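>>> quick check, what structure comes out for this input:
(2 chains)
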Number of protein chains: 2
Amino acid sequence: MLTQNDVDQARRRAAEMLAAAGIVLTPEERTAIEIADFGLGDLERSGLELVVYENNDRYCAKELVLFPRQTCPEHRHPPVGDDPGKRETFRCRQGTVWLYVEGEPTGPIRARIPEGDEAHYTVFHEVELRPGEQYTIPPNTKHWFQAGDEGAIVSEFSSTSRDELDIFTDPRIQRVPDSG
Amino acid sequence: MLTQNDVDQARRRAAEMLAAAGIVLTPEERTAIEIADFGLGDLERSGLELVVYENNDRYCAKELVLFPRQTCPEHRHPPVGDDPGKRETFRCRQGTVWLYVEGEPTGPIRARIPEGDEAHYTVFHEVELRPGEQYTIPPNTKHWFQAGDEGAIVSEFSSTSRDELDIFTDPRIQRVPDSG
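Next comes the predicted model:
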């Protein structure tokens, strides 16, 4: 489990990467950067740092920060009631991101699947995103992504975000820890 | 009316401002920057430069560029069918923006209303946005905005954008010119 010190350190690192990319946060936003280790306890390898700018019942906008070679594990955003599931557009701002979605595998992948977790990665249609490039992921579609050696910053524009409903391929993962 | 030369020049200028702020566009995006003079033929004074990253039936994301003291005239996004009207979040990335919305006037305004157009500006609740600051405008709410002396860049996150339905206070304005 992450200690408060781990969280503070990851927040500082993410804030520095954002600042270096010219992305300005308020002091309140800097101290509230979300550090997600997906309950795997190995943040550097499997994790994501997020700034949620806005999330309402119509749309959502976030900044995603990935440390070098950090991976956001495979998951999908399922339908909820009348909502067909979250649709999301990833726009790369800095660094390189390899995004994997459902569809024909594209050949040898450039990301490195976290060792020991191979069983939990099942989609291999690769999309490389460099700064200025973007890709829209349809609702309820499995996807995962990893930054290149420099780390990456990705702007996410989407329909309403309900992280607690995300379905991960790895059954050990809980996106939002139970409180209490 | 804007000549092709005016449009090309405004595109170059907007692209330079975005690049200076560290915002990367693809070559295709640079040549497709939307130059809106709202049919008033005085772009430097009343106008807006836009990059539309994504606009689908659920959400929309744009980058707005304002030249120094350039004004986006007062308008609202009306309801359409089941849609209560566009809700939008403005996040300032660079420069200063003064945004005016419905509500109690806040005192002497810091923007300068384009001379001769005073009759078409009716809401004076001022919100100043500097880099990292943001404000969400409810649907169907009159608003207008102006950049400070350095110009400004604003990220807009919103529900679906239907610019052609915007209702401007100034009856001369047509947001999207008739084709043909």
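>>> helix, strand, or coil at residue A:29?
For residue A:29, the secondary structure call by DSSP: H, G, I helix; E, B strand; the rest coil comes out as helix.
>>> and it, how close does it get to residue A:160?
20 Å (CB to CB, to the nearest Å). Using the backbone N, CA and C atoms, a C-beta is placed for each residue, glycine as well.
>>> swap in residue A:171?
From residue A:171 over to residue A:160 the distance is 25 Å, taken as CB to CB.
>>> helix, strand, or coil at residue A:161?
coil.
>>> name the single longest helix found in chain A.
Counting residues, the longest helix found in chain A (DSSP state H) is helix A:4-20.
>>> next up, the contacts around residue A:170.
Neighbouring residues of residue A:170 by CB atoms under 8 Å, 6 or more residues apart in numbering or on different chains: A:38, A:40, A:73-74, A:117, A:120.
>>> output the residues you listed as a markdown table; include the columns secondary structure, distance to chain B and pLDDT.
Listed next are those as a markdown table, based on DSSP: H, G, I helix; E, B strand; the rest coil; distance: CB to the nearest CB, whole Å; pLDDT from 0 to 100:
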| residue | secondary structure | distance to chain B | pLDDT |
| --- | --- | --- | --- |
| A:38 | coil | 25 | 96 |
| A:40 | coil | 30 | 95 |
| A:73 | strand | 24 | 98 |
| A:74 | strand | 23 | 98 |
| A:117 | coil | 31 | 97 |
| A:120 | helix | 29 | 98 |
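>>> can you name the two of those residues that sit furthest apart?
Of all pairs drawn from the contacts of residue A:170, the one with the longest distance (CB to CB) is A:40 and A:74, at 12.6 Å.
>>> please say which of the two ends up with more neighbours.
For residue A:40 versus residue A:74, the count of surrounding residues by other CB atoms under 10 Å in any protein chain shown is larger for residue A:74: 22 against 17.
>>> the closest residue to chain B within chain A - how many residues pack around it?
Nearest residue of chain A to chain B: residue A:22, at 3.2 Å (CB to the nearest CB). As a burial measure, residue A:22 scores 16 neighbours (other CB under 10 Å).
>>> list the contacts for it?
If you count contacts by CB under 8 Å, 6+ apart, residue A:22 has them with B:21-23.
>>> close to chain B, is stretch A:140-148?
No - figure legend: stretch A:140-148 not in contact with chain B (CB under 8 Å from any CB of the partner chain); closest approach 13.7 Å.
>>> quick one: that stretch to chain centroid distance?
Between the centre of stretch A:140-148 and the centre of its chain there are 8 Å (CA atoms, centre = their mean, to the nearest Å).
>>> for stretch A:78-85, same thing?
For stretch A:78-85, the separation from the chain centroid amounts to 20 Å (computed by CA atoms, centre = their mean).
>>> cool, and stretch A:57-77?
With CA atoms, centre = their mean, you get 2 Å for stretch A:57-77.
>>> and that stretch, end to end?
15 Å (CA to CA, to the nearest Å).
>>> could you list the buried residues of that stretch?
Counting neighbours by 16 or more other CB atoms under 10 Å in any protein chain shown, one finds that the buried residues in stretch A:57-77 are A:58-67, A:69-77.
>>> who's residue A:51 bridged to?
In this structure, residue A:51 bridges to residue A:63 when assessed by DSSP bridges.
>>> mind listing what it touches?
By CB under 8 Å, 6+ apart, the contact list for residue A:51 reads A:14, A:18, A:25, A:29, A:32-34, A:62-63, A:65.
>>> top of those by number of neighbours, please.
residue A:65 (32 neighbours).
>>> looking at this, that one is in a strand?
Yes - counting by three-state DSSP, residue A:65 is located in a strand.
>>> separation between it and residue A:12?
In terms of CB to CB, residue A:65 sits 12 Å off from residue A:12.
>>> specify which member of the contacts of residue A:170 is nearest to residue A:140.
residue A:74 (13.2 Å).
>>> thinking again about what came up before, which parts of the longest helix of chain A are buried?
Buried residues in helix A:4-20, counted by 16+ other CB under 10 Å: A:10-11, A:13-15, A:17-18.
>>> hang on, the earlier thing: what helix or strand is the residue of chain A closest to chain B on?
Residue A:22 belongs to no helix or strand when assigned by DSSP states H and E.
>>> do residue A:68 as well
Residue A:68 is part of no helix or strand when elements are defined by DSSP H and E.
>>> can you tell me the closest non-neighbouring residue to it?
Counting by CB to CB, 6 or more residues apart in numbering or on different chains, residue A:68 lies nearest to residue A:151, which is 4.7 Å off, once chain neighbours are set aside.
>>> burial of the one you found, as a residue count?
21.
>>> ditto for the one 5 residues further on
Here the neighbour count serves as a burial measure; for residue A:156 (other CB under 10 Å) it reads 21.
>>> gap between it and residue A:20?
Using CB to CB, one obtains 19 Å as the distance from residue A:156 to residue A:20.
>>> what of residue A:11?
15 Å.
>>> same check, this time on residue A:159
Separation of residue A:159 from residue A:20 (CB to CB) stands at 30 Å.
>>> residue A:112 too?
24 Å.
>>> same check, this time on residue A:168
30 Å.
>>> now do residue A:77
The value you get for residue A:77 to residue A:20, if CB to CB is used, is 30 Å.
>>> what's the helix or strand for the residue nearest to residue A:68?
Assigned by DSSP H and E, residue A:151 belongs to strand A:143-158.
>>> quick one: contacts of the helix or strand just after that strand?
Sequence order places strand A:167-168 as the next helix or strand after strand A:143-158, per DSSP H and E. Residues from elsewhere that reach strand A:167-168 (CB under 8 Å, 6+ apart): A:38, A:73-78, A:120, A:175.
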